[in-house]
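[1] My questions are about this predicted structure, shown below with the sequence.
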There are 2 protein chains.
Amino acid sequence: MRPPFRVIPGSITAPQGFHAAGVFCDIKRLGTGKGSEKGQKRDLAILFSRVPAAVAGLFTTNQICAAPVRVSLPRAQQPMAQAVVLNSGNANACTGRRGLLDAQAMTRMVAQRLGLPDRSVLVCSTGRIGVPMPMANVKRGIQAAADLLGNGPENGHHLAEAIMTSDTRPKEVAIELKLGGKPVCIAGVAKGAGMIQPGMSPSGERPPVVPLHATMLALITTDAAIDPPWLKTALANSVASSFNRITIDGDMSTNDSVIALANGLAGNAHLTGADGPGRSRDSAVFQAALDFVCLELAKMMVRDGEGVSRFVTVKVFGARSYAEADAAARAVANSALVKTSWCGGDPNWGRILDALGYSAAKVVEEKVDMGYSLPDGKKVLYSLKGGQPTATSFKTLCTLVARPEFDLHIHLHLGKSNAVVYTADLTEAYVDFNKGSVGDPSAMGG
Amino acid sequence: MRPPFRVIPGSITAPQGFHAAGVFCDIKRLGTGKGSEKGQKRDLAILFSRVPAAVAGLFTTNQICAAPVRVSLPRAQQPMAQAVVLNSGNANACTGRRGLLDAQAMTRMVAQRLGLPDRSVLVCSTGRIGVPMPMANVKRGIQAAADLLGNGPENGHHLAEAIMTSDTRPKEVAIELKLGGKPVCIAGVAKGAGMIQPGMSPSGERPPVVPLHATMLALITTDAAIDPPWLKTALANSVASSFNRITIDGDMSTNDSVIALANGLAGNAHLTGADGPGRSRDSAVFQAALDFVCLELAKMMVRDGEGVSRFVTVKVFGARSYAEADAAARAVANSALVKTSWCGGDPNWGRILDALGYSAAKVVEEKVDMGYSLPDGKKVLYSLKGGQPTATSFKTLCTLVARPEFDLHIHLHLGKSNAVVYTADLTEAYVDFNKGSVGDPSAMGG
């Protein structure tokens, strides 16, 4: 099914009734920290829905889990919420009891300012680990942001900027679709860059297939009317095929969070996932649209990963089980030797076969086919068939792997399970960025 | 117990009755390939024991397992063997049925030349994956090496050079001890550098704790008299606490092999591991000495790993089980973000805590202590106690992490199990080395 939606300009404020603001309040304590200093990247933002919205959230399964995650997780399990406060520059992770009180205080400040109950406000943080939140600055930021709330595209852009850390550009997408004849909008914003291999769940319990390891934050807004339980299901479905399928460096963060708010102002018939006989067409259309928004944001993260020069889609086919297909794809996507070979534009099948061999997936050398294609996946140039090199020339393969984006196809021929992982190369720029951190606390990312 | 042995100069030929040779026969097909061309690194070697020797071997548990491993594994399960043929420049991995025939032919050539049965000869290869062995060159090399066999130190050095790939220096150690009043010698040689996280077993079956991922080759020679079953046990014990405890890049090779030969020429009373009441003292002394030889070689590999600037011993204490202690240590040792922080001399505890949190080990943030020490491990400077930063200054910690070698101490305080992993930083030099491989087939290492 080709989903009947179209990409539109705009940001998180594109759906009806969503207001946003982003300000600079010097959370990193770079300088004097007086309000929105000129030339400083914004570091605190608020998202607000005019009316209570169905809420859903997925959070890191890292056992070292930051204070904002501990505060937001139970609130995302409620049916409704109405605002999110977000900051970069400080992850509020590994900050003990004080951190928890600070995260709660952030939500309370927003709630009081906007006239909401505390529990209707969620919180997301990213940045330095192990440093107390500079609460005086945060308070000033929250007051300034609350005064600036608005629903223009620039308001959404300010929020997108405020959550960036090592990101080189903001990540935003908005789409429009029709549900029961009513125009509906879904929008999303995200940040990524490093410590990226999310493994998020709605409960903090690890899913059966445990993705290993980002700080990534993402917010989804929509004016669709959705029953809260089904929004939770739909978001979990979309995250499973997007954010939880990416890995930049194999490190799962303490702060990964995806939060969706659906405020119903579009006036469509409530989506429940199963209205009428079987699954309703509208719910299916919404799911496909939400999948698209999440996958677009997830891919933007990989493309803008720290030091990334190549975006690679690793597709494993024919594993004995989904868990094995996933393990095989992640072993390849996280192998230092495979990632450095891509950095050099080298279609090195030996290292890929080696990584498959030490993965937790069953692999039989004599059965493995391997090849590269353009991202459209149509014409695959095979380097290996049945574990043996094909006649495809090394030069021909090089022309594909020299491109900034390509797909790797691996067929194990042992079963019917497939998995896809979106990943990137490992470059000297990644090492340089992440080593250049002595004395720069911002690099202790979470 | 301080083992009563002393390090002596010399190589793999130091124990009585071992002869070696290493030659250049152009396995990479760099040039015309006429015998030992001047200035070319040797690439083929033979080790030969004058008399049949007890044999033991451990091999990669990678499912993609090279032809020489398939040939040597069953032969190492025999009681006795007498020679090993080794080469660099070509791993003979992923080479199908032809590769298996070539590996068998290599042992047959040596056997015929030395008047041995084929099954008394083992084979090890390292280098390019997926390329047929240049058997004409190999044959010439085997003939030349067999003619040059000798028991001088230079003969051992030539073997050490012949197995080097990206190693910048040969790795050799020899020690002398007394068993029942008789002088006994144990010597070892190894190569490492990249694709290093061995997980070797004597049977190809993965051990209960599966180390993830090298090509490393090591040979151990001794003139001690040892019952073959106990040599197999003793070598497995030593490998478990040495080669299987290192990781450079988290990639397990297709060719990892450790082979020990014990020819009995020292004339000591046969070691059986359990002679007399309980375990005999002599067996315990031998085990400690073998442990030392294997650990020295393993550490040399890490120190000479591709691009390595720092050697780090990760010590995890107080896990609920050994499997969890191991998982915690490996998560830290293989984290791209932790490794790059070390490259920058940054005592970044946030990234380490993050890696612990996504490991398969149970971790409770509020219980974790973390600190650094010199390699002697005596004075630990703690950066975290009970999950919270200590008063130890960042600068003080930096002076330790700026050193080329240090220990990281992690206490989980959840149980009684401990584990150690020897690892290294991740540097731009590693990336540069491993990406700079397009068109250089030698980099497709196995």
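    Yep, it's here. Predicted model, so just to flag it, every value in this text is computed and none were measured.

[2] Please pull up the helix or strand immediately following the helix or strand of chain A with the lowest mean pLDDT.
    When the helices and strands of chain A are scored by mean pLDDT, DSSP states H and E, strand A:200-201 comes last with a mean of 67. Going down the chain from strand A:200-201, the next helix or strand is strand A:217-222, by DSSP states H and E.

[3] Establish whether that following strand and chain B are in contact.
    No. Using CB under 8 Å from any CB of the partner chain, we find that strand A:217-222 stays clear of chain B, coming within 15.5 Å at best. Every C-beta, even on glycine, is put in place using the N, C-alpha and C of the backbone.

[4] so after that strand, what's the next helix or strand?
    helix A:228-240.

[5] residues in contact with that following helix?
    A:54-58, A:78-80, A:200-202, A:207, A:220, A:226, A:258, A:260, A:262, A:271-274, A:283, A:286-287, A:290-291, A:293-295 (CB atoms under 8 Å, 6 or more residues apart in numbering or on different chains).

[6] Assumed A:Gly188 was part of a strand.
    Yes. Judged by DSSP: H, G, I helix; E, B strand; the rest coil, A:Gly188 forms part of a strand.

[7] how many neighbours does it have?
    Counted with other CB atoms under 10 Å in any protein chain shown, residues neighbouring A:Gly188 total 29.

[8] Starting from chain B, give me the distance back to the closest residue to A:Thr313 other than its chain neighbours.
    For A:Thr313, ignoring the flanking residues on the chain, the nearest one in space by CB to CB, 6 or more residues apart in numbering or on different chains is A:Asp407 at 4.4 Å. As judged by CB to the nearest CB, to the nearest Å, A:Asp407 and chain B stand 19 Å apart.

[9] A:Asp407 belongs to a strand?
    Yes. Under three-state DSSP, A:Asp407 sits within a strand.

[10] How many residues are close by it?
    A:Asp407, neighbours per other CB under 10 Å, totals 20.

[11] Tell me who's in contact with it.
    A:Asp407 touches A:312-315, A:372-375, A:377, counting by CB under 8 Å, 6+ apart.

[12] Would you tell me which one of those comes nearest to A:Asn151?
    A:Pro375 (34.7 Å; CB to CB).

[13] burial measure for the residue nearest to that closest one when sequence neighbours are not counted, as a count.
    Distances taken as CB to CB, 6+ apart place A:Glu405 nearest to A:Pro375, at 5.1 Å, with adjacent residues excluded. A:Glu405: 13 surrounding residues under other CB under 10 Å.

[14] my guess is A:Glu405 contacts A:Ser309, does it?
    No. Using CB atoms under 8 Å, A:Glu405 makes no contact with A:Ser309, being 10.5 Å away.

[15] which strands and helices sit next to the longest helix along chain A?
    If you go by DSSP state H, chain A has its longest helix at helix A:281-303. With contacts taken as 3 or more CB pairs under 8 Å, 6 or more residues apart in numbering or on different chains; DSSP states H and E, helix A:281-303 sits against strand A:5-7, strand A:171-179, strand A:182-191, strand A:217-222, helix A:228-240, strand A:246-247, strand A:311-319, strand A:417-424.

[16] And the spatially closest residue to A:Ser335 that is not a sequence neighbour, what's its pLDDT?
    Using CB to CB, 6+ apart and skipping the chain neighbours, the partner closest in space to A:Ser335 is A:Ala355 (4.1 Å). The confidence metric pLDDT takes the value 90 at A:Ala355.

[17] do you know how far A:Ala355 is from B:Val69?
    Distance of A:Ala355 to B:Val69, given as CB to CB, to the nearest Å: 17 Å.

[18] got it, and A:Arg50?
    Going from A:Arg50 to B:Val69 by CB to CB gives 67 Å.

[19] between those two, who's got more neighbours?
    Between A:Arg50 and B:Val69, B:Val69 has the larger neighbour count (other CB under 10 Å), namely 28 against 13.

[20] Quickly find the element holding A:Leu353.
    helix A:349-358.

[21] Just the CA trace of the first helix or strand past that helix going along the chain, in CSV.
    With elements assigned by DSSP H and E, the helix or strand that comes after helix A:349-358 is strand A:369-373. Below are the C-alpha coordinates for strand A:369-373, written out as CSV (Å, rounded to 0.1, in the frame of the first residue of the first chain):
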residue,chain,number,x,y,z
ASP,A,369,24.9,-14.7,-0.7
MET,A,370,26.0,-11.1,-0.3
GLY,A,371,25.6,-8.0,-2.5
TYR,A,372,25.3,-4.3,-2.7
SER,A,373,22.6,-2.1,-4.3
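
[22] tally of neighbours for the residue nearest to A:Ser335?
    27.

[23] ditto for the one 4 residues further on
    Using other CB under 10 Å, A:Ser359 has 26 neighbouring residues.

[24] for A:Pro117, same thing?
    Neighbours of A:Pro117 using other CB under 10 Å come to 11.

[25] tell me which element the nearest residue to it once chain neighbours are set aside is part of?
    Nearest residue to A:Pro117 in three dimensions, chain neighbours excluded: A:Ala111, at 6.2 Å (CB to CB, 6+ apart). Under the criterion of DSSP H and E, A:Ala111 resides in helix A:96-114.

[26] other SSEs contacting that helix?
    Counting by 3+ CB pairs under 8 Å, 6+ apart, helix A:96-114 packs on helix A:67-76, strand A:80-90, strand A:121-128, helix A:135-148.

[27] got the contact list for the spatially closest residue to A:Lys28 that is not a sequence neighbour?
    Spatial nearest neighbour of A:Lys28, chain neighbours left out: A:Gly89 (4.2 Å); criterion: CB to CB, 6+ apart. Shown in contact with A:Gly89 (CB under 8 Å, 6+ apart): A:27-28, A:43, A:127-128, A:165, A:442.

[28] By neighbours, which of the residues you listed wins?
    Within those, neighbour counts (other CB under 10 Å) peak at A:Asp43, which reaches 28 neighbours.

[29] From chain B, how far off is it?
    Relative to chain B, and taking CB to the nearest CB, A:Asp43 is found at 18 Å.

[30] And for A:Gly156?
    Distance from A:Gly156 to chain B, counting by CB to the nearest CB: 30 Å.

[31] same check, this time on A:Arg310
    Where chain B is concerned, A:Arg310 sits at a distance of 11 Å (CB to the nearest CB).

[32] For chain B, what's the nearest residue on the stretch 101-250 of chain A?
    When scored by CB to the nearest CB, the stretch 101-250 of chain A has A:Ile129 as its residue closest to chain B, at 3.0 Å.

[33] which phi and psi does that residue have?
    Torsion angles at A:Ile129 (phi, psi; degrees, to the nearest 10) stand at phi -90, psi 140.

[34] Check whether it really touches B:Ile352, as I assumed.
    No. Using CB under 8 Å, A:Ile129 makes no contact with B:Ile352, being 10.0 Å away.

[35] Among the two, which residue is more densely surrounded?
    Set A:Ile129 next to B:Ile352 and count neighbours by other CB under 10 Å: A:Ile129 wins out with 30 against 26.

[36] pLDDT value on the more buried one, please?
    A:Ile129 is given a pLDDT of 85.

[37] Below-threshold pLDDT in chain A: ranges please.
    A:1-3, A:31-39, A:194-214, A:275-280, A:436-446 (pLDDT under 70).

[38] Break it down into its structural domains.
    Domain assignment of chain A by automatic domain parsing yields the ranges A:5-303, A:311-426.

[39] quick one: which of those domains is nearest B:Ala20?
    domain A:311-426 (28.9 Å).

[40] and the end-to-end length of the closest one?
    End-to-end distance of domain A:311-426: 11 Å, with CA to CA, to the nearest Å as the criterion.

[41] Show me how far that domain is from its chain's centre.
    23 Å (CA atoms, centre = their mean, to the nearest Å).

[42] And stretch A:109-127, by the same measure?
    21 Å.

[43] now do stretch A:290-302
    7 Å.

[44] still on that earlier bit, single out the most deeply packed of the helices and strands packed on helix A:96-114.
    strand A:121-128 (a mean of 30; mean count of other CB atoms under 10 Å in any protein chain shown).

[45] Thanks again, I'm all set now.
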